[in-house]
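Trainee: below is the sequence, then the predicted model.
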Amino acid sequence: MAAVRFLARWSVRLLLLGLLTLVILALLAVQTEPSVPVRASTSAADLDAARALLRRADPRQGPLGRSRVLVASERELDLMLNYAVRHGGLGASELKIEQGELRARLSRPLVGLWLNLELRLAQGPGLPDIAGGRLGRLPLPRPLLRYVAFRLLERYSAVAGFQLAGDLVQRVEFQPQRALLVYVWQADSTQRALASLVPAALRQRAHVYWNLVQRQLPPGYEFRPVVEVLPQLAAEALKRAADSDEDLSQESRALLMALAMHATGRGPSTLLPGTGDWASASPTWLAFVGRQDFGQHFLISAALACEAGGPLADAIGLQKELADARDGSGFSFNDIAADRAGSRFGSWARQRPREFLQTLAAGVVETQLFPPVADLPEFLHEKDFRRRYGGPGAPAYRQMMEEIEHRLQALPLGAPG
């Protein structure tokens, strides 16, 4: 009996010690203030800076099989990280580059407190390595950070992309306020990059919906409303998902990917590797209110929003319209409305895939998904656009965007939860 009482006492002590340790770790991990201040929303100038970096990184520029050097400023990388973190719902971030090291900080609210994460990366041959980290005042060991990083890559199907980056990158250098990336782009790198972004399992799912879309479209050159093809696609997705939340999400992604590929008007083999045996695209356009350009804006924005979140799709739509105002067909507020409606549609699929698919399978009409746009100004070239609306951020422009947002909020379907 004495031995039993002794073991019981020590079991209780160990349990209390474990609980005390957890409390201490929690107190060290959370803080009362953010380490990173929340910044204003991304401006048009910020988007231009990010686009400039992406243009310099375009692998189609430069020779194949030879080393290339990409120089990115601290500000450019900070903008891109902050945009991704903020619109991913993770809080706010800040990135600093010093000699030999990059330091990223993230602050996320947690019920009146804050989770403040700091991650340090060290330069070296190949990809940067994790040098260390901290959660609040709690140091995080490198093995734990590496394990978590690998699990995140697995969770988001990014292992192939990480391996491709490791094959291409020769060296990364961190210098004060800038980073240098030395890499080699091979003849097959583009196809490998596309394959890593769209895993084989997702391509297989998208193939099902691609075939369903093509079978629902007549062979001639004409328009068909988007809403007429949605019920069969959604019903198939519900059948294939077998009531699994993860499968519902993946089927929704694949469905929107297939619709967006058709909306581009190009064959799938020009967009995705491993699709050379897919059926050719029907010449029939998918449309809203009888216009194929609205179908394009809506469906491509929906696919982007489902993959990366609505604000990214909105920003891409705005930048396209600004470019059209300079040298294209002109700035169109009704195209912006179509982009925003598609973005809401894709966000709905990403956030509530079960409700999304069940609603579509039951049948919808255009006025449930697409706002009235006939009276919105379009085809405004840059001079007229600037004269009448002043550009993004100006009062007249904001008033038009508020009107579009008001019309979107009046729609019965597609609003994020």
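Mentor: Looks like it arrived, so ask away.
Trainee: check the offset of the helix or strand containing Arg350 from the chain's centre.
Mentor: Applying DSSP states H and E as the criterion places Arg350 in helix 333-351. Relative to its chain's centre, helix 333-351 lies at 14 Å (C-alpha atoms, centre = their mean, to the nearest Å).
Trainee: put the alpha carbons of it into PDB.
Mentor: Output of helix 333-351 as PDB, limited to C-alpha atoms (Å, rounded to 0.1, in the frame of the first residue of the first chain):
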ATOM      1  CA  PHE A 333     -16.500  49.500 -64.200                       C
ATOM      2  CA  ASN A 334     -18.800  46.700 -65.300                       C
ATOM      3  CA  ASP A 335     -15.700  44.400 -65.800                       C
ATOM      4  CA  ILE A 336     -14.600  45.300 -62.300                       C
ATOM      5  CA  ALA A 337     -18.100  44.300 -61.100                       C
ATOM      6  CA  ALA A 338     -17.800  41.000 -62.900                       C
ATOM      7  CA  ASP A 339     -14.400  40.400 -61.300                       C
ATOM      8  CA  ARG A 340     -15.700  41.200 -57.900                       C
ATOM      9  CA  ALA A 341     -18.800  39.000 -58.400                       C
ATOM     10  CA  GLY A 342     -16.500  36.100 -59.500                       C
ATOM     11  CA  SER A 343     -14.200  36.700 -56.600                       C
ATOM     12  CA  ARG A 344     -17.100  36.400 -54.200                       C
ATOM     13  CA  PHE A 345     -18.200  33.200 -55.900                       C
ATOM     14  CA  GLY A 346     -14.700  31.700 -55.600                       C
ATOM     15  CA  SER A 347     -14.400  32.800 -51.900                       C
ATOM     16  CA  TRP A 348     -17.800  31.100 -51.300                       C
ATOM     17  CA  ALA A 349     -16.500  27.900 -52.800                       C
ATOM     18  CA  ARG A 350     -13.300  28.100 -50.700                       C
ATOM     19  CA  GLN A 351     -15.000  28.900 -47.400                       C
END
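Trainee: and the next element down the chain from that helix?
Mentor: Following helix 333-351 in sequence order, the next helix or strand is helix 353-362 (DSSP H and E).
Trainee: buried stuff in that following helix?
Mentor: By neighbour count on 16 or more other C-beta atoms under 10 Å, the buried set for helix 353-362 is 353, 356-357, 359-361. Where C-beta positions appear, they are placed from N, C-alpha and C, glycine not excepted.
Trainee: tilt between that helix and helix 333-351?
Mentor: 120 degrees (axes from the mean of the first three to the mean of the last three C-alpha atoms, to 10 degrees).
Trainee: related to what we said a few turns ago, which helices and strands sit right next to the helix holding Arg350?
Mentor: Helix 333-351 is packed against helix 245-263, helix 292-308, helix 310-327, helix 353-362, helix 395-409, with contacts defined by 3 or more C-beta pairs under 8 Å, 6 or more residues apart in numbering; DSSP states H and E.
Trainee: what's the angle from the shortest one to helix 245-263?
Mentor: Yep, that's helix 353-362 we're talking about. Interaxial angle of helix 353-362 relative to helix 245-263 (the same axes, to 10 degrees): 50 degrees.
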